[in-house]
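*Asks:* Structure of the sequence below:
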Amino acid sequence: MRQTPRSFVTALFGLRIFFLALLPLLVVLAVSAQAPPAPDNSTPKPATESAKPSGNTSQSPSAAEVVTRDSSTTFKVRVNIVLVRVVVRDQKGKAIDSLKKEDFQLFDNRKPQTISTFSLETPASHTIPVVTVSDHSEADVEKVQPAAAALPQRFVSLLFDDLHLSMEDAVYDRTAATKIFDSMAPSDRVGIYTTSGQFGQEFTSDHEVLKKALNQIIPRPLFDSAVHDCPDISYFQADLIENKQDSQALAVAAEDAVQCAFNGDETKLSMARSLASAAAIRIVSSGDASSDYTYRHMEDVLRRLSAMPGQRKLVFISPGFILSTLLLERADIIDRSNRVGVVIDTLDARGLYTPDLNGDISSPSVDNYRTAGDKTSYRVQAQSAQEEILNDLASGTGGTFYHNRNDMDVALRQAVAAPVASYLLGFSPQNLKLNGSFHTLKVALTGKQKFDIQARRGYYAPRTAKDPAQAAKEEIQEAVFSQEEIRDLPVDLQTQFFKKDPSQARLSVLAHLDLKSVKFRKVEGRNHDDLTLATVIFDENGNYVIGGEKILEMKLLDSTLDKLDRSGITVKSSFDVKPGSYLVRLVVRDKEGEMMAARNGAVVIPN
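*Replies:* Coordinates of the predicted model:
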């Protein structure tokens, strides 16, 4: 066998080593030949389909500069703003709607405050414009003018306090309520709710349904008030004993206990006093539970009402109840109502009454001769004190307190009528201490007009500072379910819809933002800011249909920011809906400047 020359083998081995060393370079060259050319940094690339610049520009922000991502929707206030709703009337009771921001003065604990937000609310100010710019078929060939919106403009909640109503008052009040529906406008929606939470009629314009629902209004107390304990102590008297340390009220209760538990044996007075103290604690607890239950269900009604389009009003029909120590709960209701723009009118369900010296006819008193005089005095004081909560809720939200009148049908008709003009003043308390203390408020006019001013009388400071991220979420959520137009940022709202088939449509919501007013933070040569855009769709009865939230993360080069300053940026959110009339609510908030914008729009998708 012929042998290969040694020199040839050596050369071949060297050539193999050369090709092995060259192989990685060949692979890199091959991949480079198949890959597209590297992008030119001078030509920005479009960010996403949902965020794009507007105007006559040939270049779009690059993906590294603008990123849009969907966020989980948590639609559940202006956090550092205290809102004060004010109604101004002349000497004839007519509402004044011509005042300006500079006509008002606002005092917090007697210290003048700067009014940072101001708005006049009238029936006309809640009109929702149609914002549909085009109506396209799926082939994008047909264009028609948008139809006029048929959305209701007013929502009224009738809240019956069945936890505190007597049967006599319940029958009287629901009879009066049946007379008001025929006088309401076709666009009005009414809902009927109760503080026990055991019955509710959602918003409707069907008068017969509403009249039938009123038959369900009966007393539903948490505790049986017809049973007389020993000693027999009212909630008012128990509050005097337990919370106000009233020795006279305790002595009266102790004497009651002597008579009912020890057959008048005064030697048992010490034991009777202990029995009275224990009874007072128990009765205060049950009374507070009923009041707290009332507040919680009133909050539920406010939450439901605040999501409705247009004007919103809550009419609270109640005999009232003792405030006791639940003062913060009362302030929370007033704060929430002012923040979401809901006016509360209150009606004393007792009508025109004289103090009942003997108590409820269904539960006559069992007072003995030693305590009858004092307990009669407590009953009279209690019946007067019950009005305080009704007066506070009305005056604190710009509503009206109807009391001492037997024409309840007239009072109800006035309450559910289109609300008068009101002013919403907002201010940021300076050096606010987080101690939960009560702050008195006073609103005055700069001029010398002899006008009557109706406004809330105070608020409670928070006890703790909120986490900034959580505060921002709450601010957005509160704005979403409000109808207030906020214009910190220049944002335009438009909609488009595409009919997929007769029963389905694609609704697109376009938010165009002018970036000139947006505050950016400079980091490593780029302009940083995040925008949160929340969009919610409500149907013609105010029910939540669908919603979404997008986060627009911007890290813009100076050149890109210059272009977007001229063109603005548009974010598109799309939803699948059925044909019908819808209210679109758009809320935009920026992270750096903490400014907001909120817009309302109506869209009608024909069948």
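*Asks:* For the protein, which segments are assigned as helices?
*Replies:* 6-34, 167-177, 207-214, 235-242, 247-261, 269-306, 327-340, 372-385, 387-397, 408-416, 468-480, 558-567 (DSSP state H).
*Asks:* Verify the stated contact: Leu158 with Leu305.
*Replies:* No. In this structure Leu158 lies outside contact range of Leu305 using CB atoms under 8 Å: 11.0 Å. Where C-beta positions appear, they are placed from N, C-alpha and C, glycine not excepted.
*Asks:* quick revisit: which one of the helices of the chain is the most hemmed in?
*Replies:* helix 235-242 (a mean of 25; mean count of other CB atoms under 10 Å).
*Asks:* Tell me which of the helices of the chain sits nearest to Ser318.
*Replies:* Across the helices of the chain, Ser318 has its closest neighbour in helix 387-397 (6.5 Å, CB to CB).
*Asks:* Quick one: closest of the helices of the chain to Lys92.
*Replies:* helix 408-416 (15.5 Å).
*Asks:* Low-confidence regions, the stretch 351-500 of the chain specifically.
*Replies:* 353-367, 418-419, 465-466, 482-483 (pLDDT under 70).
*Asks:* Repeat that for the chain.
*Replies:* Filtered on pLDDT under 70, the chain yields the residue ranges 1-64, 71-80, 124-127, 133-151, 225-228, 309-310, 353-367, 418-419, 465-466, 482-483.
*Asks:* Spatially central, which residue of it would that be?
*Replies:* The residue lying closest to the centre of the chain (CA atoms, centre = their mean) is Val340, at 4.3 Å.
*Asks:* Can you name the residues that contact the closest residue to that one other than its chain neighbours?
*Replies:* In space, and not counting its chain neighbours, Val340 is closest to Ser306: 3.6 Å by CB to CB, 6 or more residues apart in numbering. The neighbours of Ser306, taking CB atoms under 8 Å, 6 or more residues apart in numbering as the test, are 312, 336, 340-342, 481-482.
*Asks:* could you redo the last one with a cut-off of 10 Å?
*Replies:* If a contact means CB atoms under 10 Å, 6 or more residues apart in numbering, then Ser306 has 155, 312, 314, 336-337, 339-342, 478, 480-483 as its contacts.
*Asks:* one step back: between Leu158 and Leu305, which contacts overlap?
*Replies:* Residues touching both Leu158 and Leu305 by CB under 10 Å, 6+ apart: 191, 193, 313-314.
*Asks:* thought Lys519 was touching Asp530?
*Replies:* No. Using CB atoms under 10 Å as the test, Lys519 is too far from Asp530 to be in contact (11.6 Å).
*Asks:* Looks like Lys563 contacts Val66 (just checking).
*Replies:* No. Between Lys563 and Val66 there is no contact under CB under 10 Å: 11.6 Å.
*Asks:* Could you name every residue contacting both of Lys519 and Asp530?
*Replies:* Counting by CB under 10 Å, 6+ apart, the contacts common to Lys519 and Asp530 are 590-592.
*Asks:* coming back round to it: confirm for me that the residue nearest to the centre of the chain is in contact with Glu484.
*Replies:* Yes. Val340 lies in contact with Glu484 (CB under 10 Å); the separation is 8.3 Å.
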